[in-house]
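Q: got a predicted structure plus its sequence, pasted below:
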Amino acid sequence: MPVTLHRTSIIPARPDRVWNRIASAEGINGELAPLMRMTVPEGLKDKTIDDVELGKPLGRSWFLLAGLLPFDYDDIVLAEREKGCRFRETSSMLSIRSWQHERTLRAVDAGTEVTDRISFELRWPFSAIPGMAEFVTRVLTFLFEHRHRRLAEWFERRGDN
């Protein structure tokens, strides 16, 4: 049975600036650092979310713990995109049979409201381990809180929002 979680934050920058940051591999890895990073599939090195074809596999991206140790992979597919305000990724991973990540941006007085909606279903044998779905939910909740904090800090440090 799929598990769903949400995270919403206010980022102190205009939506177009936030979109430009989150749509790039540099921005994604900036959010994940220093906990982990994702490799960029061949052929996507200089591309952003805006440049890729919808519904087609983009390639395999490896998750590297502390930027060094591979621990899982993501076979990425960008399913939907509303340029500048929303995307939905659907993927499968070594440990997760079904993964959906939707991120939306909305202009607010203080900057941009960023909302992540994550839904996942573990692969067997992980799904058969008692408490594993709850553990993964806690890890992902922590990870997306970290990502939002890092994104906000990036704009706060720049001061030209």
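A: Good, I have the coordinates. All figures in this text were calculated on a predicted structure; none of them were measured in a lab. Residues are numbered from 1 along each chain as shown.
Q: and Arg86, bridged to which residues?
A: Here Arg86 sits in beta bridges with Glu82, Thr104, going by DSSP bridges.
Q: pretty sure Pro130 belongs to a helix, no?
A: No: applying DSSP: H, G, I helix; E, B strand; the rest coil, one finds Pro130 to be coil, outside a helix.
Q: I'd say Arg117 and Glu102 touch.
A: Yes: with contact defined as CB atoms under 8 Å, Arg117 counts as touching Glu102 (4.5 Å). To be clear about C-beta, it is placed using only N, CA and C from the backbone, and glycine gets the same treatment.
Q: and the most far-flung residue of the chain relative to its centre, how close does it get to Ser119?
A: What lies farthest from the middle of the chain is Pro130; by CA atoms, centre = their mean that is 26.2 Å. Using CB to CB, to the nearest Å, Pro130 is found at 21 Å from Ser119.
Q: cool, Gly43 as well?
A: 27 Å.
Q: between these two, which one's more packed in?
A: Taking other CB atoms under 10 Å, Gly43 and Ser119 do not tie; Ser119 has more neighbours (15 against 10).
Q: hang on, that one in a helix?
A: No: counting by three-state DSSP, Ser119 is not found in a helix; it is strand.
Q: all further residue positions should be reported with the first residue as 11.
A: Renumbered: residue one is now 11, and that last one reads Ser129.
Q: run through the bridge partners of it.
A: Note on Ser129: beta-bridge partners Thr14, Gln110, judged by DSSP bridges.
Q: that one is in contact with Arg107, isn't it?
A: No: between Ser129 and Arg107 no contact is recorded; they are 11.6 Å apart, counting by CB under 8 Å.
Q: where does the residue lying closest to Phe73 once chain neighbours are set aside land in three-state SS?
A: Nearest residue to Phe73 in three dimensions, chain neighbours excluded: Asp82, at 4.6 Å (CB to CB, 6 or more residues apart in numbering). Per three-state DSSP, the local secondary structure of Asp82 is strand.
Q: Asp82: how many residues sit nearby?
A: 15.
Q: what does stretch 112-130 contact?
A: In this structure, residues lying in contact with stretch 112-130 by CB atoms under 8 Å, 6 or more residues apart in numbering are 12-25, 27-29, 32, 90, 94-99, 106, 108-111, 146, 150, 154, 157-158, 161, 165, 171.
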